[in-house]
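**Q** okay, predicted coordinates and the sequence, questions at the end:
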Amino acid sequence: MGHYELPLVFFTVFAQWGIGGVLALTLCQHFSVQKFSATQYRMLALLFWIITVLGSFASLVHLGSPGGAYRSLAGLSVSWLSREVVMFIALNGVMFCWFVLCWFKPEHHAVGLLGGMTALVGLVSILVSSQVYYQMALHPLWSSIATPVGFLATAILLGFVSVAVAFGYWHNAFPILCKAGIIIGILLSAGALWIRFQVPGADASSPLFWWQLFASIGVAVWGISRLNVGVSAYAWGAVIVTGELAGRMLFYSNVMSGAPWF
């Protein structure tokens, strides 16, 4: 299982999911006719904060000596990994402030502003994170535009699907903005897959690839009309999450299984 780099799988997918969730929740709450109640908004803010925190903790599991994580800051001027650490520290800080404001004053006018700031910091964090892999010219499967596109796809697809599921559960319908976000996520995910699997060495025969194709894209396309049917919408959302996890496992194993890596 080492080739799958599971701590990094959960770090990248969960952190991107949380970022996409904040983006989708902020946009839908402030630019759609349908809105969540204060209690519902609190619960969703809590959900996305927990998902992001879990992802951040997963990144520490990957370190051989988590207590020495602070040393990664030493290479800030030259290392994308150091920049990633700084960006995710900033992200967790601003997201915590957003969550606290959502919890105590969900209808405050600053919630939307802070949510937008959190989403912006999060999107920049995703792009910085993708650079950790994109810069590795020796590994064409990582050094590809498919890497940042795929990372953004995970955030947008899972974020808007999650908010759509919540709308479906509480309102039996979800706004057009949610549907547009899901469609953008599908297109980005499909585009990233198409680009990556033009690269020699991509394992198109892997069950992980076919599961991602089915769960992340197929189920999302079919599920657009099913995410507004109450409790059963959770099942569609869960399947899409497993598709993104499978795709990220393949992202790492395609390279990490081919030692020597550098």
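**A** Here it is on my side, so go on. Numbering: from 1, shown residues only.
**Q** mind listing what the closest residue in space to Cys97 that isn't next to it in sequence touches?
**A** Closest residue to Cys97 apart from its sequence neighbours, by Cβ to Cβ, 6 or more residues apart in numbering: Leu114 at 6.4 Å. (Each C-beta comes from the backbone N, C-alpha and C, glycine too.) For Leu114, the contacting residues are Val94, Cys97, Trp98, Leu101, by Cβ atoms under 8 Å, 6 or more residues apart in numbering.
**Q** and the buried ones among these, selectable in PyMOL?
**A** Buried subset of the contacts of Leu114, written as a PyMOL selection, criterion 16 or more other Cβ atoms under 10 Å:
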select buried, resi 94+98+101
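**Q** who does the one helix or strand in the chain whose mean pLDDT sits lowest touch, helix- and strand-wise?
**A** The least trusted helix or strand in the chain, going by mean pLDDT, DSSP states H and E, turns out to be helix 219-223, with a mean of 85. The contact analysis (3 or more Cβ pairs under 8 Å, 6 or more residues apart in numbering; DSSP states H and E) places helix 219-223 against helix 146-171, helix 176-196, helix 233-256.
**Q** can I assume Trp211 is in contact with Val241?
**A** No: between Trp211 and Val241 there is no contact under Cβ atoms under 8 Å: 11.8 Å.
**Q** coming back round to it: of the contacts of Leu114, closest to Trp49?
**A** Checking those against Trp49 with Cβ to Cβ, the nearest one is Trp98 at 8.0 Å.
**Q** assign the closest one to helix, strand or coil.
**A** helix (DSSP: H, G, I helix; E, B strand; the rest coil).
**Q** next: Gly201.
**A** Quick answer, by three-state DSSP: Gly201 is coil.
**Q** ok, it to Val132 distance?
**A** As judged by Cβ to Cβ, to the nearest Å, Gly201 and Val132 stand 19 Å apart.
**Q** between the two, which has more neighbouring residues?
**A** Counted by other Cβ atoms under 10 Å, Gly201 and Val132 do not tie: Val132 has more neighbours, with 18 against 11.
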